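Asks: got a predicted model here, sequence first, then my questions.
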Amino acid sequence: MASVSLESVRKVYDGGVEAVRDLTLHVRDGEFVVLVGPSGCGKSTTLRMIAGLEEADAGTIRIGTRIVNAVHPKDRDVAMVFQNYALYPHMTVRENMSFALRLRGTPKAEVERRVREAARMLDIEGLLDRRPRQLSGGQRQRVAVGRAIVREPQAFLFDEPLSNLDARLRLSTRAELKALHLRLRTTTVYVTHDQEEAMTLGDRVVVMHAGVIRQTGTPFEVYSEPADRFVAGFVGTPGMNFLDGRFEAAEGGVWFTSRGGARLRCADAHADRLARHAPRHAVLGVRPQAISLGAGGPGATLAARVRLVELLGDVMDVVCDMDSGEAVVARVTARPGLAPGDRAELAVEMERAHAFEPGELGRSLLHGGNGAA
């Protein structure tokens, strides 16, 4: 096993399209790091540069202590698992899993030992003599992972490996991958566009946007202390509610007034920081989980009308239009009797509110956030 490091790495495609900009990241030995972000953010390009499938235009890539910028992909000692599995259709599962070892000239007995061990680990021992067309999507994915495991690489690289699976199978395979990492402790870099997948799998999460790392941290840090408005809106389901407006010192505290006229009193713990930004334009962020039905305390209640109720089992998402004209979503415990058109009071937990500078990438006014690491 080994660490993986990228220092000031840059990738520019034909036409001047900058896919990755000055990216610096250190993945510790044995760590599971997930790169997450919307399509086109540069996460897969970053992974492919680590693998050697794309050439970095600037910067340094290290695997362990070795600089690998000029090292051929087959000599980097990494194993990659792709979204489409990339299995040879004419080979059996055993032959697919052992292919790279046989190319290396690994002794036959050692090849068989590694294949058997990986198959047992992944519960595919009974599939070794089948061909890919005889397997389900989940079984093919396990074979692809097994092919990577038998190589005993310094690092695993996963490029959206669960995207082709249905929702239920994705959940079970995700749990298997996490358990596998806890057993093997091989350094892993994993790419996904699914923020829920990133939060459940990663020791650390790297949120990317337009070729830049916006924040790096544990799943809890990225969720609870987003560095900017983009991270706050991308991480979390449903997305964070944002209200444009201003902070002002009044009535013995700091208040936020939205453009539509809604007023909320900021938590005392945040007052000093937010007072420094009064009365400039700012954005208040509130997660749907921090809004409940019913009146809150003074300065923590919004008047609204229900537009839509989405039942999700034991919880429901309530989409409301506030009297100020702005829309908010509340995620609350499911209950009968609430329907579109009903009047509602919404209690906001201001201790859990966030504040940002204006703009899509506005920085947090409450948290310093974590940069590249």
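Replies: That came through, no problem.
Asks: now R10: closest residue in space, sequence neighbours ignored.
Replies: Leaving aside its sequence neighbours, R10 sits nearest to A58 (C-beta to C-beta, 6 or more residues apart in numbering; 4.0 Å). Every C-beta, even on glycine, is put in place using the N, C-alpha and C of the backbone.
Asks: how far away is that neighbour from H209?
Replies: According to C-beta to C-beta, to the nearest Å, A58 stands 20 Å off from H209.
Asks: who has more neighbours, those two?
Replies: Neighbour totals were compared for A58 and H209, and H209 leads with 20 against 14 (other C-beta atoms under 10 Å).
Asks: wait, that one touches G40, no?
Replies: No. Contact criterion C-beta atoms under 8 Å: H209 and G40 do not qualify, at 9.4 Å.
Asks: not counting sequence-adjacent ones, nearest residue to R151?
Replies: Leaving aside its sequence neighbours, R151 sits nearest to A79 (C-beta to C-beta, 6+ apart; 4.7 Å).
Asks: that neighbour contacts D159, doesn't it?
Replies: No. Counting by C-beta under 8 Å, D159 is not a contact partner of A79; they are 11.8 Å apart.
Asks: the closest residue to Y190 other than its chain neighbours: which element?
Replies: Leaving aside its chain neighbours, Y190 sits nearest to F158 (4.3 Å; criterion: C-beta to C-beta, 6+ apart). In the assignment (DSSP states H and E), F158 maps to strand 155-159.
Asks: and that strand, what's its mean pLDDT?
Replies: Strand 155-159 carries an average pLDDT of 95.
Asks: swap in stretch 238-255?
Replies: Stretch 238-255 comes out with an average pLDDT of 93.
Asks: over to stretch 128-141?
Replies: Rounded mean pLDDT across stretch 128-141 is 92.
Asks: start and end of that stretch, how far apart?
Replies: Across its full length, stretch 128-141 reaches 14 Å between end residues, using C-alpha to C-alpha, to the nearest Å.
Asks: try stretch 231-239
Replies: Stretch 231-239: ends 10 Å apart by C-alpha to C-alpha.
Asks: circling back: distance between the strand holding F158 and the chain's centre?
Replies: Between the centre of strand 155-159 and the centre of its chain there are 15 Å (C-alpha atoms, centre = their mean, to the nearest Å).
Asks: buried stuff in the very next helix or strand once past it?
Replies: Per DSSP H and E, the first helix or strand lying C-terminal to strand 155-159 is helix 167-184. Neighbour-count burial for helix 167-184 flags 169-170, 173-174, 176-177, 180-181 (criterion: 16 or more other C-beta atoms under 10 Å).
Asks: elements contacting helix 167-184?
Replies: Secondary-structure packing of helix 167-184 (3 or more C-beta pairs under 8 Å, 6 or more residues apart in numbering; DSSP states H and E): helix 108-122, helix 137-149, helix 195-201.
Asks: adding mean neighbour count and distance to V306, write these out as CSV.
Replies: CSV is the format used below for the helices and strands packed on helix 167-184 (neighbours: other C-beta atoms under 10 Å; distance: least, C-beta to C-beta, whole Å):
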stretch, mean neighbour count, distance to V306
helix 108-122, 16, 47
helix 137-149, 23, 40
helix 195-201, 20, 26
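Asks: so which of the ones you listed comes closest to G253?
Replies: Nearest to G253, of all the helices and strands packed on helix 167-184, is helix 195-201, at 33.5 Å by C-beta to C-beta.
Asks: then the closest one to PDB, C-alphas only?
Replies: Coordinates of each C-alpha in helix 195-201 appear next as PDB, following Å, rounded to 0.1, in the frame of the first residue of the first chain:
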ATOM      1  CA  GLN A 195     -23.200  12.700  -2.800                       C
ATOM      2  CA  GLU A 196     -25.000  10.100  -0.600                       C
ATOM      3  CA  GLU A 197     -22.600   7.500  -1.900                       C
ATOM      4  CA  ALA A 198     -19.700   9.800  -1.100                       C
ATOM      5  CA  MET A 199     -20.800  10.500   2.400                       C
ATOM      6  CA  THR A 200     -21.400   6.800   3.300                       C
ATOM      7  CA  LEU A 201     -18.200   5.400   1.800                       C
END
